[in-house]
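Undergrad: Okay, predicted coordinates and the sequence, questions at the end:
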There are 4 protein chains.
Amino acid sequence: MSEPTVLKVRPQEGEYAWTFGGAPPIARIRPGTVLDLYTEDCFGGRVRSEKDLVSRVCAFPFLNPQTGPFHIEGAEPGDTVAVHFVSVEPARDWAASTTVPLFGALTSTHATASLQEPLPERVWMWQLDRERRTCRFSAHDSDFAVDLPMDPMHGTVGVAPAGLEVRSALVPDAHGGNMDTPEMRAGVTCFLGVNVDGALLSLGDGHARQGEGETCGVAVECAMNTVVIVELLKGVTTPWPRLESDTHIISTGSARPLEDAFRIAQADLVDWLHRDYGLSRLDAYQFVTQTAESPLANVCDANYTCVARLRKEWLPTGTAHRDLHRRLRASARLLT
Amino acid sequence: MSEPTVLKVRPQEGEYAWTFGGAPPIARIRPGTVLDLYTEDCFGGRVRSEKDLVSRVCAFPFLNPQTGPFHIEGAEPGDTVAVHFVSVEPARDWAASTTVPLFGALTSTHATASLQEPLPERVWMWQLDRERRTCRFSAHDSDFAVDLPMDPMHGTVGVAPAGLEVRSALVPDAHGGNMDTPEMRAGVTCFLGVNVDGALLSLGDGHARQGEGETCGVAVECAMNTVVIVELLKGVTTPWPRLESDTHIISTGSARPLEDAFRIAQADLVDWLHRDYGLSRLDAYQFVTQTAESPLANVCDANYTCVARLRKEWLPTGTAHRDLHRRLRASARLLT
Amino acid sequence: MSEPTVLKVRPQEGEYAWTFGGAPPIARIRPGTVLDLYTEDCFGGRVRSEKDLVSRVCAFPFLNPQTGPFHIEGAEPGDTVAVHFVSVEPARDWAASTTVPLFGALTSTHATASLQEPLPERVWMWQLDRERRTCRFSAHDSDFAVDLPMDPMHGTVGVAPAGLEVRSALVPDAHGGNMDTPEMRAGVTCFLGVNVDGALLSLGDGHARQGEGETCGVAVECAMNTVVIVELLKGVTTPWPRLESDTHIISTGSARPLEDAFRIAQADLVDWLHRDYGLSRLDAYQFVTQTAESPLANVCDANYTCVARLRKEWLPTGTAHRDLHRRLRASARLLT
Amino acid sequence: MSEPTVLKVRPQEGEYAWTFGGAPPIARIRPGTVLDLYTEDCFGGRVRSEKDLVSRVCAFPFLNPQTGPFHIEGAEPGDTVAVHFVSVEPARDWAASTTVPLFGALTSTHATASLQEPLPERVWMWQLDRERRTCRFSAHDSDFAVDLPMDPMHGTVGVAPAGLEVRSALVPDAHGGNMDTPEMRAGVTCFLGVNVDGALLSLGDGHARQGEGETCGVAVECAMNTVVIVELLKGVTTPWPRLESDTHIISTGSARPLEDAFRIAQADLVDWLHRDYGLSRLDAYQFVTQTAESPLANVCDANYTCVARLRKEWLPTGTAHRDLHRRLRASARLLT
């Protein structure tokens, strides 16, 4: 066994991508490459105090900077890229969250249009204690503060979309993108169907933590130092992003209305049980009905994202994605 | 301290209610009463083998039989009824699940109308091992079988609705009803706003277990022996059903599309933190965004139900609902 | 041929119904009866000046008073009631419209919950010129005024719902109710499936005119003098309310999200073409796709309502509902 | 007055665009240019008989070929492009419509996922009589045939989207695109906000006619010879596509769920009345509520499209878009 290739990427300002598809690759990598990446926060690092209102310091569409894209050699439509998260570590000892006018679940928006006044724009600065693994919330209007567990994750990971499209890094869809699920943490493998030659993988939008649904539209936004191993499954299709952890297989769906995101994720679990675990579709439908865990990911982005999880211990004999998660997990242990 | 009044109810056929509101009370009880109830399964006990297709053995609207309703003395609009689940125990060593034509999340329905053929109608009989606390799934079309943890719960608990309405026991809404959330298990207290004098509480639709979202529309349906303590909070309003466990405060919302159910539940958490825990609304919005757990309850019923949970350990100092959950929990321990 | 029975009803305060189902019939009528009715406006006549804010002068659920219900002799589940609108005439020379806090399409609501402030509450009084058939809009904040054509209609017409339910007069669903479609004008026949013995027909919520979608939630609300002929089609089922005019057959659907209301109405047209006009379902799907007119009715009520219309001149040979519309139209001409 | 520049474009196979944004311009034109265009049908002309199933003869994403894009000199973000439809004439004496597996309003789709079988795939060939201005529908499964009025229109017209995106020609959104509204006919002017330098206008997807909602997802698809005049309004923003006819001002919204498309279009009408006609927002809300015509455009595409129309004769004094529609209408008369 040979040493893996490690590519370290620390982008300078002006070197980020703002879309999935449409941006030229910053590097060509072979399957098996370890990427040691810095990702900037969703604000491009511009929200640094309570005075830095997003509407003043950021300019649409320059939100959610992506580190990448990476051209994966040999990746073709009909294949699947696997991204194993070895580690996701906050790069600073602070993070920021905000309200954004006409964005979020508990406000009218440009799509759910109303004639009401927008909510006030407000910034919350969060202190991170990377040793104790906590994030400190401090209320503005009372003296409450509390340390919450850090649970670092990436809001965005994706490839170039199908259909000749280029999508904003703010959008989640079948190509991945801004799914904003807390499941995208160290220790999991994310599987993404390839739509264009080289796949054009990128990631960003680190969160020190977030709730399920990302209610106000903005998590505990944080620059990250992240290590992933990138692999390629030739001849395996993956219509919607899937994840695998040591304990669960996980499907995702991104759509509006939210019930369609649910339908996509649950139907994908049914298909997964059928293809890789040998259940008939109707048996799989029954099994999923009684066993799925269905936490929301985001209910604020251009598409909403649902996650559907099954415990591996309950599944029939079978292996998902050629047992790649187990092998990547082993490789990851060698790295750390 | 006096012994609590215990009322044991074992309804005969013909003594169930099929609606929230509209049915005469089967008993008047005082706050503090312990109800020791039998609830029939959603099929009225008529699906007993794989040959018992719902379309043959059941007749709409005679689904989801309710044990009750109970008139709670002193309950008036503007008050809140508390139902503490002391125990929820399967009454039989089997349970049933089915597909139902044009019902469920992964099929067209009477509302999400299509011109496609309905899915096949199929029954799965589940074996329950009440000692080992397991439910056995057996596939139809392969020889796979697996024992899953039993996690008994009630799909329906509710009071008469507001606005002079009578709603089918199949419907979840602001009055509770068919919310189908796995959170409704032993050890939790459910809070329901009172809409009519006496509240008219009933419950039913026991599930030996279910997944989040109840994908095919039917859980592991089971008759139950259930003990609850019923209490009354005078002068406390509860716009949407809330739950409290030892570890979480929990809001619910039921609506279509599913994002509206999410909005209701999350906005209710914001209001709860504001009213009972002293956070401003915007601080609460930020706090909920980073801490909410948002599992789906059902995405198949007449309204879809979302749950939103917060860990109590992270909350500011405060008490919900006059600390009633803690007191009922203590009372329950004396009963068992 | 005998003279039709004419029943004149001028309800006193306290004699209105506020629900579909659940209210005792105010009269028993035979099929063929002519009802000469007064209907109060949706506010119960309480909004009479710009100072009469709904939140002050009205009390939920006492909105949308219904004249009725009428028990139609011989009507049983599985039959269809036909209501032919002979005339719909404003009973006063003024009408009122308002904003209502957290109600309407361009505001957050109790279901589409947000943390924003509600819109201001405002009343617009409209002057009706019954000779010139116009309604005068006068702007509040500028000196603009314009006379618009009067197009009187009923927002609500319905029967008792199925499934043992009682629904607020504010709700549209399969039983009819608060559909708020401008199609419900003089000259049309409305067909409603019967769910309970006697059907229990009622109507109300007159509008001097409204736009399609009833955007702010409140039309030009007006008391009406309305004459209808009520007929009964034995053994004809009607799953969702249908209408027939001299020129169109018209289906309706009421649901959330709005696309489900569309699906219901369009699928009903497909079924109608199949059952009464002999097209196969797929041919009907194609035909409807190229010919349907699909104006919105309401996008503000508890369910949203879509209408789907086809021009009769383009249809295959066939007759809808035993040619009853044509016969009622002739009967109506004899009355006036 | 000088002769207008006329640019005639008859694309060869391989010269069509399949996206909005992302395709290089085929020509640079000055404001005021007359474009005399051929547009191919949505199938690229490949469905020519009942045997030509879309799934066999077409390959995603090569659907909805666009003639263009055209770089409009001087167009910058913050401006508005006006496209006046002088004539839209079927280029052949036949047209085609089809069912497409898992596409359309009355079937499950990739987003509204179900486990049901797709509908059968079927082609209907339509005969066009360009002199009599009729389209002949012939049923497959019975001998019914009928001539319907021809009402030629373009399903797609749009510019490059904002936010660095490239969208499939199958998608309608704020940039226009596949709105599929019958309003896009000869005699109207379409206003589109500019997002990138040169705007990059293209159009295609001619329909000999379609119903409102385009229920099965496919209209009477037809190649067109179309003449438009392209103009530029400097310094005028247009957030969502608007249209103007001799009789109406018309807003559009494209989103999911369908109620959001409604909200966008209605809120845009309110803004329009406020900006160009001097009504306050609340007066405009009331006025729109009582006067809007709200026909559906499509309920099948990646976003659904609603139209909202107001009769000009009822409006306050004012002019929309610097009276450009009236002037273009006059210019058009000189051309024909």
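TA: Right, received. Where do you want to start?

Undergrad: Okay, now stretch A:106-117: how far is its last residue from its first?
TA: Chord length of stretch A:106-117, first to last residue, is 13 Å (CA to CA, to the nearest Å).

Undergrad: mind checking how far the residue nearest to A:Asp79 when sequence neighbours are not counted is from D:Trp314?
TA: Of all residues not flanking A:Asp79 in the chain, A:Val194 sits nearest, at 4.4 Å (CB to CB, 6 or more residues apart in numbering or on different chains). No exception for glycine: its C-beta is placed from N, CA and C like everyone else's. According to CB to CB, to the nearest Å, A:Val194 and D:Trp314 sit 55 Å apart.

Undergrad: Please identify which of these two sits among more neighbours.
TA: More crowded of A:Val194 and D:Trp314, by other CB atoms under 10 Å in any protein chain shown: A:Val194, with 28 against 14.

Undergrad: ok so, going back, please name the residues that touch the residue nearest to A:Asp79.
TA: The contact partners of A:Val194, taken as CB atoms under 8 Å, 6 or more residues apart in numbering or on different chains, are A:72, A:75-81, A:159.

Undergrad: I'd like these as TSV, with neighbour count appended.
TA: Compiled in TSV, these are given as follows (neighbours: other CB atoms under 10 Å in any protein chain shown):
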residue	neighbour count
A:Ile72	26
A:Ala75	27
A:Glu76	15
A:Pro77	12
A:Gly78	13
A:Asp79	22
A:Thr80	23
A:Val81	27
A:Val159	30
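
Undergrad: For chain A, which residues are neighbours of chain D?
TA: Those residues of chain A that sit near chain D, judged by CB under 8 Å from any CB of the partner chain, are A:18-19, A:21-22, A:60-61, A:110-115, A:162-168, A:170, A:239, A:253, A:255-257, A:260, A:263-264, A:266-267, A:270, A:281-282, A:285.

Undergrad: what do you get if the cut-off is 7 Å, keeping everything else the same?
TA: Residues of chain A lying close to chain D by CB under 7 Å from any CB of the partner chain are A:18-19, A:22, A:60-61, A:111-113, A:115, A:163-168, A:255-257, A:260, A:263-264, A:267, A:270, A:281, A:285.

Undergrad: and those, which of them are in strands?
TA: Residues from the residues of chain A next to chain D lying in strands, with DSSP state E as the criterion: A:19, A:167-168, A:255.

Undergrad: ok and the residue in the stretch 201-336 of chain A nearest chain C?
TA: A:Pro257 (5.4 Å; CB to the nearest CB).

Undergrad: Chain neighbours aside, what residue packs nearest to the residue of the stretch 51-200 of chain A found nearest chain C?
TA: Closest contact between the stretch 51-200 of chain A and chain C, by CB to the nearest CB, is at A:Gln116 (4.3 Å). Among residues not flanking A:Gln116 along the chain, C:Gln116 sits closest, at 4.3 Å (CB to CB, 6+ apart).

Undergrad: same deal with A:Leu258?
TA: Per CB to CB, 6+ apart, closest to A:Leu258 is B:Leu258, 3.8 Å.

Undergrad: tell me the mean pLDDT over stretch A:235-246?
TA: When pLDDT is averaged along stretch A:235-246, the result is 98.

Undergrad: Okay, buried residues for that stretch please.
TA: Neighbour counts over stretch A:235-246 (16 or more other CB atoms under 10 Å in any protein chain shown) mark A:236, A:238, A:240-245 as buried.

Undergrad: Take those residues and keep only those in helices.
TA: Secondary structure assignment (DSSP state H) places none of the buried residues of stretch A:235-246 within helices.

Undergrad: Chain B: which of the residues you listed is nearest?
TA: Nearest to chain B among the buried residues of stretch A:235-246 is A:Trp240, at 14.5 Å by CB to the nearest CB.

Undergrad: what residues are up against the closest one?
TA: A:174, A:251-253, A:264, A:268 (CB atoms under 7 Å, 6 or more residues apart in numbering or on different chains).

Undergrad: Can you tell me which of those are buried?
TA: Buried members of the contacts of A:Trp240, scored by 16+ other CB under 10 Å, are A:174, A:251-253, A:264, A:268.

Undergrad: pretty sure A:His154 contacts A:Leu203?
TA: Yes - assessed by CB atoms under 7 Å, A:His154 is found in contact with A:Leu203 at 5.3 Å.

Undergrad: Just the angle for the helix ranked longest in chain A relative to helix B:258-277, thanks.
TA: The single longest helix within chain A, with elements called by DSSP H, is helix A:258-277. Between helix A:258-277 and helix B:258-277, the angle comes out at 110 degrees (axes from the mean of the first three to the mean of the last three CA atoms, to 10 degrees).

Undergrad: For helix A:258-277, the averaged confidence score.
TA: Taken as a whole, helix A:258-277 has a mean pLDDT of 98.

Undergrad: Could you provide the buried residues of stretch A:235-246 in JSON lines, with additional columns for distance to D:Val34?
TA: Below are those laid out as JSON lines (distance: CB to CB, whole Å):
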{"residue": "A:Val236", "distance to D:Val34": "52"}
{"residue": "A:Thr238", "distance to D:Val34": "48"}
{"residue": "A:Trp240", "distance to D:Val34": "46"}
{"residue": "A:Pro241", "distance to D:Val34": "47"}
{"residue": "A:Arg242", "distance to D:Val34": "52"}
{"residue": "A:Leu243", "distance to D:Val34": "54"}
{"residue": "A:Glu244", "distance to D:Val34": "58"}
{"residue": "A:Ser245", "distance to D:Val34": "61"}
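
Undergrad: tell me which of these is nearest to chain D?
TA: Checking these one by one against chain D (CB to the nearest CB), the nearest turns out to be A:Trp240, at 9.3 Å.

Undergrad: For the residue of the stretch 51-200 of chain A closest to chain C, give me phi and psi.
TA: Main-chain dihedrals, A:Gln116, degrees, to the nearest 10: phi -80, psi 160.

Undergrad: Quick one: neighbours of it, just the number.
TA: Residues lying near A:Gln116 (other CB under 10 Å) number 18.

Undergrad: Just want to check the distance between it and A:Met224.
TA: A:Gln116 sits 36 Å away from A:Met224, going by CB to CB.

Undergrad: and what of A:Asn303?
TA: As judged by CB to CB, A:Asn303 and A:Met224 stand 23 Å apart.

Undergrad: and the stretch 1-150 of chain A, which of its residues are near chain C?
TA: With CB under 7 Å from any CB as the criterion, the stretch 1-150 of chain A meets chain C at residues A:106-108, A:112-117, A:119.

Undergrad: that older thread, what confidence value was assigned to the residue of the stretch 51-200 of chain A closest to chain C?
TA: A:Gln116 carries a pLDDT value of 98.

Undergrad: Hmm, it is touching A:Thr109, no?
TA: No - applying CB under 7 Å, one finds A:Gln116 not in contact with A:Thr109, separated by 11.2 Å.

Undergrad: Pairing partners for the nearest residue to A:Thr238 once chain neighbours are set aside in the sheet, please.
TA: Distances taken as CB to CB, 6+ apart place A:Gly193 nearest to A:Thr238, at 3.9 Å, with adjacent residues excluded. Under DSSP bridges, the beta-bridge partners of A:Gly193 are A:Thr80.

Undergrad: where does chain A have low pLDDT?
TA: A:1-2 (pLDDT under 70).

Undergrad: Try it again at 90.
TA: Along chain A, segments meeting pLDDT under 90 span A:1-4, A:319, A:336.

Undergrad: Please enumerate the helices of it.
TA: A:54-57, A:258-277, A:281-291, A:324-335.

Undergrad: For A:Asp301, which residues are in contact?
TA: Contact analysis of A:Asp301 by CB under 7 Å, 6+ apart lists A:170-172, A:178, A:180.

Undergrad: Among those residues, which ones are in strands?
TA: If you go by DSSP E, the contacts of A:Asp301 have A:Pro172 in strands.
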